[in-house]
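Colleague: I would like to see how this sequence folds:
(2 chains, ligands or ions: 1)
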Amino acid sequence: MAGKTLFDKIWEKHVVTTIPDGPDVFYIDVQYIHEVTSPQAFDGLRKRGIPVFNTKQIVATPDHNVPTLEQHLPIKNDLSRKQVDQLIKNCADFGIELYGLNHPFQGIVHVVGPELGITKPGMTMVCGDSHTSTHGAFGCIAFGIGTSEVEQVLATQCLLQNKPKRMRINIDGALHKGVYSKDIILYLIAKLTAGGGTGYFIEFAGSAIRSLSMEARMTICNMSIEMGARGGLIAPDDITFNYVKGREFAPKGDDFDAAVAEWKKLFSDADAEFDAEFSYDAADITPMITYGTNPGMGIKISENVPNSKDISDVKERESFDKSLEYMGFHSGDKLIGKPVNYVFVGSCTNARIEDFRIVAEVVKGRQKAANVKAYIVPGSKQVEKQIYAEGIDKVLEAAGFQIRQPGCSACLAMNDDKVPAGEYCVSTSNRNFEGRQGPGARTLLASPATAAATAINGYITDVRELI
Amino acid sequence: MEKFISLTSTAVPLSIENIDTDQIIPARFLKATTRDGFGENLFRDWRYNADNTPKDFVLNDKKYSGKILAAGKNFGCGSSREHAAWAIHDAGFKVVVSSFFADIFKNNALNNGLLPITVSSDFLKKIFTAIDADPKAEIKVDLENQIIQIVSSGEKESFEINAYKKTCMINGYDNIDYLLSINDKIKEYEAKRTIA
Ligand code: SF4
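Modeller: Residues are numbered from 1 along each chain as shown, chains lettered A, B, ... in the order given. Have a look, this model is predicted:
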């Protein structure tokens, strides 16, 4: 009999029972909650007159709607304020832990969970948010769900799930200087397309992945959803254990050692079988950037926009042309050197402390271009605190940047942080969909280093020129 | 949840590929705390200019109507927002046909009585061709027998649906009812559970 994959091992441990000819009843260890996708779920509980099944396994924080300036003041936008207030009320009514706006643990839910040690290897985790896949970096099965499912987990701590297929992507070798985990994932999505992972859970493996920090691993798992995958995961190792150790909610002392002994069993057996497998060479990856309106439309930054004529399928070509028209690009355009007036460093993809260290390294001793308006938004209060503790604030401010307060911000522009119609924004977030950063906004996804280099020059820049 | 057994209707053709949930319902409309009223803002930025004047878009074209939305491949990719399924349902659609759906969207649709039907890309082309030829072309969906048919030409294809989901759709059951009924089993599991 073939061995088991990491995914199988965690999955099997969480099956409560299986419906004949139907899905598994799948147990969820932790559910994260934010203000946008939860109100209707709590309403559902009220209508049914039932409590939350297990309040201790739920953590809430507002992130999508929150302003990133003057967070101590009441939220100005009525609807946003109402939604955040509703979260406060729901958590109070149902007895759920809330890291509210003025709490030292507030932030983007996918930054908060890991940094507090709530996310731990071997767990199952969900959130009404597709980027829940982020937590897979710890060797978890973590995925996004809809509001009806949020309600199911609140009511029963379980979900009905059909087991997805398993894919493994191996990346071996050493990364070039100036190439980061964001480039790895943009490269993979460009290769496999925005729908290439649909139906799969993806394990990322290989020496290049093993060498990454936890922050960098989270960036990769975060964007596994942009290939259509349910989620991504990486086997935990010493880098994982050392990251978890000592964090607020991590096990302590003997408990920690006992946990590590268990976590060490979390890997794919040598003879495990995957439903699909791909391998790439880290040396082939360079800084990446997207030119279109889905994350699969990415190229090496030095390449030109692909030619629409090379696409044989008519519908596909029409979609491609529509995308380029929205972006204001043409087949064959060179991206390096294109003026850019907006830069966003933030989001659950790239707003951890390491990301700001990288930005600081690039901008140190330089000045941002006068035409650039930059949103620099830490992923959480903890990250914000560390930015100041490490003096990164001084470097950024000397370069002309303003550091804002934590939240999703211009990643989806539900607050005031919007990119105006027609403007380009080099963004460290995860989606370049039409209007994602504001109606008419044109998003180019890239690494924090590429974003920083672009902010310095005021036009799209290959960061390797600056480091 | 509403029951769904079968349906014959005209369809609205949206042959664009990779339609993401940010297009279906842009983030700025996600601030509501109830499930209703999202239909108004379905495909908002494709339907209206910034000054609210209508754009040239199928949903604004009186030629097309019906309870079926036929869309290009990889429909519903992107965010997990169930608001996308609510908006489509709220706008009067009961079925979405595509050659490929994003996973979370598919689940969300099924949880809201909106039937996502995956057809072959050939059959999808035939649907678009039929509507091109006659905007009033009818499509018949028979969930019981898992068959979708273009009424005028009689061309049909069978489609897959998970047996459990099918039972739920046909009977209008939802998952919570089921999960609540096995509460004891869940408690039993929990008592034996070890973290990690
Ligand atoms: S930062 Fe962006 S992608 Fe991440 S949770 Fe917030 S809105 Fe979603």
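Colleague: spell out which parts of the stretch 201-350 of chain A neighbour the ligand.
Modeller: Proximity of the stretch 201-350 of chain A to the ligand (Cβ under 6 Å from any ligand atom) is limited to residues A:S347, A:C348. Just so you know, the C-beta spots here come from the backbone N, C-alpha and C atoms, and that holds for glycine as well.
Colleague: show me where the stretch 201-350 of chain A has strands.
Modeller: In the stretch 201-350 of chain A, the strands defined using DSSP state E, counting those that start in this stretch lie at A:231-233, A:276-281, A:288-290, A:298-300, A:342-345.
Colleague: what do you get for chain B?
Modeller: B:6-14, B:68-71, B:95-98, B:115-118, B:138-142, B:147-150, B:156-158 (DSSP state E).
Colleague: could you list every helix and strand in contact with the second one?
Modeller: Think strand B:68-71. strand B:6-14, strand B:95-98, helix B:121-133, strand B:138-142 (3 or more Cβ pairs under 8 Å, 6 or more residues apart in numbering or on different chains; DSSP states H and E).
Colleague: any bit of the longest strand seen in chain A sitting next to chain B?
Modeller: Counting by DSSP E, the longest strand found in chain A is strand A:165-172. No: using Cβ under 8 Å from any Cβ of the partner chain, strand A:165-172 never reaches chain B; the gap is at least 10.9 Å.
Colleague: adding mean pLDDT, write the strands of the stretch 201-350 of chain A out as CSV.
Modeller: Listed next are these as CSV, based on pLDDT from 0 to 100:
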stretch, mean pLDDT
strand A:231-233, 98
strand A:276-281, 98
strand A:288-290, 98
strand A:298-300, 98
strand A:342-345, 98
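Colleague: among these, which comes closest to A:M1?
Modeller: For the strands of the stretch 201-350 of chain A, the distance to A:M1 is smallest for strand A:276-281, at 19.0 Å, taking Cβ to Cβ.
Colleague: sorry, back to before: and the longest strand of chain A, which strands flank it?
Modeller: With DSSP bridges as the test, strand A:165-172 is paired with strand A:200-205 (parallel), strand A:276-281 (parallel).
Colleague: rounded mean pLDDT for the first one, please.
Modeller: Mean per-residue pLDDT for strand A:200-205: 98.
Colleague: list the buried residues of it.
Modeller: Of the residues in strand A:200-205, A:Y200, A:F201, A:I202, A:E203, A:F204, A:A205 count as buried by neighbour count, 16 or more other Cβ atoms under 10 Å in any protein chain shown.
Colleague: quick one: low-confidence parts of chain B?
Modeller: B:195-196 (pLDDT under 70).
Colleague: rerun that using 90 as the cut-off
Modeller: Along chain B, the model assigns pLDDT under 90 to residues B:1-2, B:32-33, B:35-36, B:78-80, B:103-104, B:172-174, B:177, B:193-196.
Colleague: could you pull out the helices in it for me?
Modeller: For chain B, the helices defined by DSSP state H occupy B:21-24, B:44-47, B:83-90, B:103-110, B:121-133, B:163-171, B:175-181, B:183-192.
Colleague: next: the stretch 101-250 of chain A.
Modeller: Remark: helices assigned in the stretch 101-250 of chain A by DSSP state H, counting those that start in this stretch are A:109-115, A:147-156, A:181-192, A:207-210, A:214-222, A:238-244.
Colleague: a markdown table for the strands of the stretch 201-350 of chain A, including mean neighbour count?
Modeller: Below are these laid out as a markdown table (neighbours: other Cβ atoms under 10 Å in any protein chain shown):
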| stretch | mean neighbour count |
| --- | --- |
| strand A:231-233 | 30 |
| strand A:276-281 | 14 |
| strand A:288-290 | 25 |
| strand A:298-300 | 21 |
| strand A:342-345 | 29 |
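Colleague: dump the ones you listed into CSV; add distance to A:Q386 as well.
Modeller: What follows is these, written out as CSV (distance: least, Cβ to Cβ, whole Å):
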stretch, distance to A:Q386
strand A:231-233, 26
strand A:276-281, 33
strand A:288-290, 27
strand A:298-300, 30
strand A:342-345, 15
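Colleague: what residues does the helix or strand in which A:W11 is found touch?
Modeller: Using DSSP states H and E, A:W11 sits in helix A:6-13. Helix A:6-13 is contacted from outside by A:4, A:24, A:26, A:122-124, A:139-141, A:163, A:166, A:201, A:203, A:233, A:235, A:265-268, A:272, using Cβ atoms under 8 Å, 6 or more residues apart in numbering or on different chains.
Colleague: and if you look at stretch A:400-408?
Modeller: The contact list for stretch A:400-408 (Cβ under 8 Å, 6+ apart) reads A:63-69, A:71, A:106-108, A:111, A:346-348, A:351, A:363, A:367-368, A:374-381, A:383-384, A:387, A:393, A:396-397, A:414-415, A:417, A:455.
Colleague: are any of these buried, and which?
Modeller: Buried among the contacts of stretch A:400-408 by 16+ other Cβ under 10 Å: A:63-68, A:71, A:106-108, A:111, A:346-348, A:351, A:363, A:368, A:374-381, A:383-384, A:387, A:393, A:396, A:414-415, A:417, A:455.
Colleague: the residues you listed in strands, which ones?
Modeller: Counting by DSSP E, the buried ones among the contacts of stretch A:400-408 contribute A:A374, A:Y375, A:I376 to strands.
Colleague: pLDDT score assigned to the last one?
Modeller: By that I understand A:I376. 97.
Colleague: contact partners for the closest residue to A:G346 other than its chain neighbours?
Modeller: What sits nearest to A:G346 in space, not counting adjacent residues and going by Cβ to Cβ, 6 or more residues apart in numbering or on different chains, is A:V377, at 3.3 Å. A:V377 makes contact with A:68, A:344-347, A:351, A:403-407, A:409-410, A:417, according to Cβ under 8 Å, 6+ apart.
Colleague: Throw the helices and strands packed on strand B:68-71 into JSON lines and include mean neighbour count, thanks.
Modeller: Formatted as JSON lines, the helices and strands packed on strand B:68-71 follow (neighbours: other Cβ under 10 Å):
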{"stretch": "strand B:6-14", "mean neighbour count": "19"}
{"stretch": "strand B:95-98", "mean neighbour count": "24"}
{"stretch": "helix B:121-133", "mean neighbour count": "17"}
{"stretch": "strand B:138-142", "mean neighbour count": "19"}
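Colleague: turn these into a markdown table, columns for distance to A:A283.
Modeller: Formatted as a markdown table, these follow (distance: least, Cβ to Cβ, whole Å):
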| stretch | distance to A:A283 |
| --- | --- |
| strand B:6-14 | 42 |
| strand B:95-98 | 38 |
| helix B:121-133 | 36 |
| strand B:138-142 | 51 |
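Colleague: so which of those comes closest to B:A32?
Modeller: strand B:95-98 (21.8 Å).
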